[in-house]
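1. here is my input; please provide its structure:
(2 chains)
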Amino acid sequence: MNSEPELLRLVGITKSFGPVKALENVNFFIKKGECVGLVGDNGAGKSTLAKIISGAVQPDAGAMFWCGEKIVLASPSHARALGIEMVYQDLALCDSLTVAQNLFLGRERISRFFIFPILKRKEIQQQAAKVLSDLKIMQVDVNKKVRDLSGGQRQAVALGRAFVTAPKLLILDEPTAALAVGQTMRVLEVIRELKNHGVSIILISHRLQDILETCDRVYVLYEGRVVAEHDKKEVTIELLARLIARAKEVPIGGA
Amino acid sequence: MVELKRKTSTFFGVPQIREFIVHGVLASIAGILIITFSLISPQFATLGNFLNLFRQIAPNLIASVGMTYVICSGGIDLSIGALLAVIGVLAALMARVINNVLLIIVVTLLTGMLAGAVAGYFISFHNFPAFIVTLGTMTILRGIALVLTKGFSIPIDPLHPVIVLGRGWFLGLPVPVWIAFLVILVGGGFFTLTPYGIYVAGIGSNEEATRRAGINVKRVRFFLYCFNGAVVALAGLILAARVGAGSSYVGQGFELTVITAVILGGTPLAGGEAKLLGTFLGTFVLSLVGNGLIMAKISPYFTGIAEGVILLFAIVANRNLRLAIQRQLKV
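-> Residues are numbered from 1 along each chain as shown, chains lettered A, B, ... in the order given. As a prediction, the model looks like this:
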């Protein structure tokens, strides 16, 4: 795995929301086909870091390198164009739209009528159904509105969105929070399948066991700073939990 | 898990049932009004009266296309009544010096778009609430109409070709009805067939999620208000041509009538959904009240009372029927 080229590198990323410093001088990298875990307490800055990588939030300072080239992600569509997909913790679904419309939001299949883009409804519905059935997490009717779905089905739709195109980097922010045990196992299985296909994955989760089962490396965030970065083999759940909760007392890199 | 699956498939199409209720309630109200008024007045249920009715509500129908999607995006436009006046005045002033109808149409449409763009700019790019921004533009536009007319009505020569837009007939139907039909077809078609209808609904439903999906929500919203300004301009032009004058007092309360029709039609004020067919039913029901009262020789001063009662009755009926269905869902 170590021989794989680097896909993304963040250097000195800093982000404040008003007086609150969400991220401070964060350094991070991920290789092709690698699965990296991001752990930390609530408010540690995991989601902000993920949103910066997905282009939804712009950093105040720091640099980003994609395949070795310096980039500035101005918008989520920019990140998508590079092949970065994100499954948000809040799911980021539109309740009044159907499952199929949510899956293809912003990348609808269209044909042209003069200058007008015309939706290919049938194709969108069929592909949406295929994406969700291939995912095998939960059965969802693609013509239903999202507001009529259960929590687990919503989570499945949010995950499904990341598979409409073939992403190079997939960011999963608490992807199993609303899922039952069986479905969670299926999600972890999907992560491993993607990894085998060379997709890089950033996994944010409170379930440390999931992190250790699927990730190659783990970053621990504490109050907006990276306080530890470990190879999977170096850590145990107990150590991770200690790092997350009492990070100040553990020296960086000390296992 | 298995039970959940069974449930969802059994009650497939619940949203359609909601829509069905709204349309059903409106159609019932329309039916009751039509029967009542035809019993009182023999002239009410005649083709002539209905054609006249549709000619009168054509501006409302046209403006309601814009308002439906503005409300669907989670916004509102309170300035459309004042814009109606400005456009009417502008058309009347232009008709004095220009004989070219096409030029008048183009200039009024561009003016409407400009008015929409000003409101859209502050709403989209500066994130001010649409209610407050359009409250401001409403006052400004009404003021512009007053300045232009100095409070007087500006007549349009009845022989001027622009009058055809309001009073003309084509293939047995009034020209305003044809124009309304065209706007509905093109506007409704655009938002139904292209992805922009989904974007507008997405913005109204979850703006942040729509933005994160890579959609330029600011631009979509900005152009939506421009579009709304353009259709309102068309409505204003038709109205001025029908009345044969431009006046600064035209369109007072117009925005509320249009908003009422949109809400009556089932488009939620919070946004996320557009119910264009419901909007038309709503517009039709509201117009029946005013027209019917006049035909029945009852004081038109009752119109407001009747419209308010209908609105309240409709929302109560919609909710109760919906709750009844939801109770069934849980069983």
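2. domain parsing for chain A?
-> Taking automatic domain parsing as the reference, chain A has its domains at A:1-83+A:167-255, A:99-166.
3. now the shortest one: mean pLDDT?
-> When pLDDT is averaged over domain A:99-166, the result is 89.
4. then stretch A:35-53?
-> In this model, stretch A:35-53 has a mean pLDDT of 91.
5. what do you get for stretch B:44-64?
-> pLDDT averaged over stretch B:44-64 gives 91.
6. per-residue confidence at the residue in the stretch 51-200 of chain B that chain A sits nearest to?
-> Of all residues in the stretch 51-200 of chain B, residue B:195 sits closest to chain A, at 4.3 Å by Cβ to the nearest Cβ. In this view, the C-beta of every residue, glycine as well, is placed from N, C-alpha and C. Note on residue B:195: pLDDT of 94.
7. contacting residues for it?
-> Counting by Cβ atoms under 8 Å, 6 or more residues apart in numbering or on different chains, residue B:195 touches A:108, A:110, A:117, A:119.
8. filter those down to the buried ones.
-> A:108, A:110, A:119 (16 or more other Cβ atoms under 10 Å in any protein chain shown).
9. now secondary structure and distance to chain B too, for those residues, in a markdown table please.
-> What follows is these, written out as a markdown table (DSSP: H, G, I helix; E, B strand; the rest coil; distance: Cβ to the nearest Cβ, whole Å):
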| residue | secondary structure | distance to chain B |
| --- | --- | --- |
| A:108 | coil | 4 |
| A:110 | strand | 7 |
| A:119 | strand | 6 |
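10. which stretches in the stretch 51-200 of chain B count as helices?
-> B:80-97, B:101-125, B:130-149, B:164-167, B:175-183, B:189-193, B:196-212 (DSSP state H, counting those that start in this stretch).
11. which of the ones you listed has the lowest mean pLDDT?
-> Lowest mean pLDDT within those: helix B:164-167, at a mean of 88.
12. what helices and strands are in contact with that one?
-> Under the contact criterion of 3 or more Cβ pairs under 8 Å, 6 or more residues apart in numbering or on different chains; DSSP states H and E, helix B:164-167 touches helix B:101-125, helix B:175-183, helix B:217-243.
13. which elements pack onto the first one?
-> Right, the one you point to is helix B:101-125. Contacts defined by 3+ Cβ pairs under 8 Å, 6+ apart place helix B:101-125 against helix B:80-97, helix B:130-149, helix B:164-167, helix B:217-243.
14. if we go to 6 Å?
-> Under the contact definition 3 or more Cβ pairs under 6 Å, 6 or more residues apart in numbering or on different chains; DSSP states H and E, helix B:101-125 sits against helix B:80-97, helix B:130-149, helix B:217-243.
15. tell me if the last one is near chain A.
-> So the one you mean is helix B:217-243. No. With Cβ under 6 Å from any Cβ of the partner chain as the criterion, chain A is not reached by helix B:217-243; the gap is at least 10.4 Å.
16. got the buried residues for that helix?
-> Within helix B:217-243, the residues that count as buried by 16+ other Cβ under 10 Å are B:217-218, B:220-243.
17. now swap in the second one and tell me
-> For helix B:130-149, the buried set under the neighbour-count rule, 16+ other Cβ under 10 Å, comprises B:130, B:133-134, B:136-138, B:141-142, B:144-146, B:148-149.
18. same thing with stretch B:55-64?
-> For stretch B:55-64, by 16+ other Cβ under 10 Å, it's B:55, B:56, B:57, B:58, B:59, B:60, B:61, B:62, B:63, B:64.
19. repeat for stretch A:129-136
-> Buried residues in stretch A:129-136, defined by neighbour count with 16+ other Cβ under 10 Å: A:129, A:131, A:132, A:135.
20. go ahead and confirm the first one touches residue A:144.
-> No. Using Cβ atoms under 6 Å as the test, residue A:129 is too far from residue A:144 to be in contact (11.6 Å).
21. and residue 247, what's its pLDDT?
-> Since no chain was named, I'll use chain A. For residue A:247, the predicted pLDDT is 53.
22. that was the other one, I meant chain B.
-> Residue B:247 is given a pLDDT of 91.
23. cool, and the one 5 residues further on?
-> Residue B:252 is assigned 90 on the pLDDT scale.
24. could you pull up the contacting residues of it?
-> residue B:81 (Cβ atoms under 6 Å, 6 or more residues apart in numbering or on different chains).
25. who in chain B is up against chain A?
-> Residues of chain B lying near chain A (Cβ under 6 Å from any Cβ): B:4-5, B:15, B:193-195, B:198, B:201-202, B:205-206, B:209, B:212-215, B:272-273.
26. which of these are buried?
-> Going by neighbour count (16+ other Cβ under 10 Å), those have B:15, B:193-195, B:198, B:201-202, B:205-206, B:209, B:212-215, B:272-273 buried.
27. and the furthest pair within these?
-> Farthest pair in those (Cβ to Cβ) is B:15 and B:214. Separation: 25.8 Å.
28. SS state for residue A:55?
-> Following DSSP: H, G, I helix; E, B strand; the rest coil, the label given to residue A:55 is coil.
29. please report the distance of residue B:320 from residue B:326.
-> According to Cβ to Cβ, to the nearest Å, residue B:320 and residue B:326 sit 11 Å apart.
30. who touches stretch B:64-80?
-> Contacts with stretch B:64-80, where a contact means Cβ under 6 Å, 6+ apart, come from B:63, B:130-131, B:134-135, B:137-138, B:141, B:183-184, B:187, B:191, B:200-201, B:203-204, B:224, B:228, B:231-232, B:255, B:258, B:261-262, B:267, B:271, B:274, B:276, B:279, B:283.
31. quick one: buried residues of it?
-> Buried-residue list, stretch B:64-80, by 16+ other Cβ under 10 Å: B:64-80.
32. now swap in stretch B:307-317 and tell me
-> By neighbour count on 16+ other Cβ under 10 Å, the buried set for stretch B:307-317 is B:307, B:310, B:311, B:314, B:317.
33. can you map out the strands along the stretch 51-200 of chain A?
-> A:61-66, A:69-71, A:84-87, A:110-113, A:116-119, A:169-173, A:200-204 (DSSP state E, counting those that start in this stretch).
34. can you redo the ones you listed as CSV with distance to residue B:251?
-> Below are the strands of the stretch 51-200 of chain A laid out as CSV (distance: least, Cβ to Cβ, whole Å):
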stretch, distance to residue B:251
strand A:61-66, 52
strand A:69-71, 51
strand A:84-87, 47
strand A:110-113, 35
strand A:116-119, 31
strand A:169-173, 49
strand A:200-204, 53
